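Visitor: Quick one, fold the following:
(one chain, ligands or ions: 1)
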Amino acid sequence: MPPAPCYFNLMTLFLLSCVPPKRYLMLTEKMVKTLNDQVAMEGYASFLYLSMAGWFDYKSMKGCAAFMYRQSDEEHMHMMKIFRYLLEMNAHAVSPGIKQPLVEFADVKSVFEETLAHERRVTKSINDLVELAIEESDHATYAFLQWYVAEQREEENLIRTILDTITLIGHGSQSLYFIDKEIEAINQAEVAENGKSKKNEE
Ligand code: FEO
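Guide: Numbers count the residues shown, from 1 in each chain. Predicted structure coming up:
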């Protein structure tokens, strides 16, 4: 006579087949969280620069506004680059909540001082991420982050140059027109430069 089926084992097999297989992660959980925090930081930068663009536009400083609208778009691109990287590495990319950025500024110079301060915070955060990638021997993330290391060096240099220009012109009310024209020219040079590097990537 064949042995009676063991219902306990059959039930165990059935239950096991219902458990979804554990997702294979190409990043550690700590790295996923830290990269998602960076997504939030880049998203905040995008809204901070949008807020600055609105402040300039409201004051009819169209050159400075154009500069900040472009910076805002760039930060959105920085955010999406990490968002897509997380997904490419089989991890959950999380859309950040909107944190209210600053909306009032004392004067033109203080807007760019705040921009430089924020860029320095981003540089520190990127450097911390690079350190984590080294600690975890995560070569893919280390290589991915090198683009951000170069980008931060360029951005800090750009904003410092603008602050030097404002210092040279002087930032009293008589100087606003000239500051706006200078920053408009810097912005157009950036647009041309970005267009060139995009073409080289194609
Ligand atoms: Fe993407 Fe300027 O930090």
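
Visitor: Secondary structure class of Asp164, three-state.
Guide: Assigned with DSSP: H, G, I helix; E, B strand; the rest coil, Asp164 falls in the helix class.

Visitor: Measure how buried it is and give me the count.
Guide: Residues contacting Asp164 under the criterion other C-beta atoms under 10 Å number 10. Using the backbone N, CA and C atoms, a C-beta is placed for each residue, glycine as well.

Visitor: Run through the residues that contact the spatially most central residue of the chain.
Guide: Per C-alpha atoms, centre = their mean, the C-alpha nearest to the average position across the chain is that of Glu42, at 2.6 Å. By C-beta atoms under 8 Å, 6 or more residues apart in numbering, the residues touching Glu42 are 75-76, 78-79, 82, 122.

Visitor: Averaged pLDDT, stretch 94-109. What do you get?
Guide: Averaged over stretch 94-109, pLDDT sits at 96.

Visitor: is that stretch up against the ligand anywhere?
Guide: No. Stretch 94-109 lies apart from the ligand when judged by C-beta under 6 Å from any ligand atom; the minimum separation is 13.5 Å.

Visitor: Numbering from 38 from now on, please.
Guide: I'll keep to 38 as the first residue from here, and by that count the last item is stretch 131-146.

Visitor: what are the C-alpha coordinates of that stretch, in PDB please?
Guide: These are the backbone C-alpha positions of stretch 131-146, laid out as PDB (Å, rounded to 0.1, in the frame of the first residue of the first chain):
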ATOM      1  CA  VAL A 131      11.800  57.300  -3.800                       C
ATOM      2  CA  SER A 132      10.300  60.600  -4.900                       C
ATOM      3  CA  PRO A 133      11.100  63.200  -2.100                       C
ATOM      4  CA  GLY A 134       8.600  65.400  -0.400                       C
ATOM      5  CA  ILE A 135       8.700  69.100  -1.100                       C
ATOM      6  CA  LYS A 136      10.300  71.100   1.700                       C
ATOM      7  CA  GLN A 137       9.600  74.900   1.600                       C
ATOM      8  CA  PRO A 138      12.700  76.700   0.400                       C
ATOM      9  CA  LEU A 139      13.700  80.300   1.400                       C
ATOM     10  CA  VAL A 140      11.400  82.800  -0.300                       C
ATOM     11  CA  GLU A 141      12.900  86.100   0.900                       C
ATOM     12  CA  PHE A 142      16.400  87.400   0.500                       C
ATOM     13  CA  ALA A 143      18.100  90.600   1.800                       C
ATOM     14  CA  ASP A 144      19.700  91.500  -1.500                       C
ATOM     15  CA  VAL A 145      21.300  90.100  -4.700                       C
ATOM     16  CA  LYS A 146      24.600  89.300  -3.100                       C
END
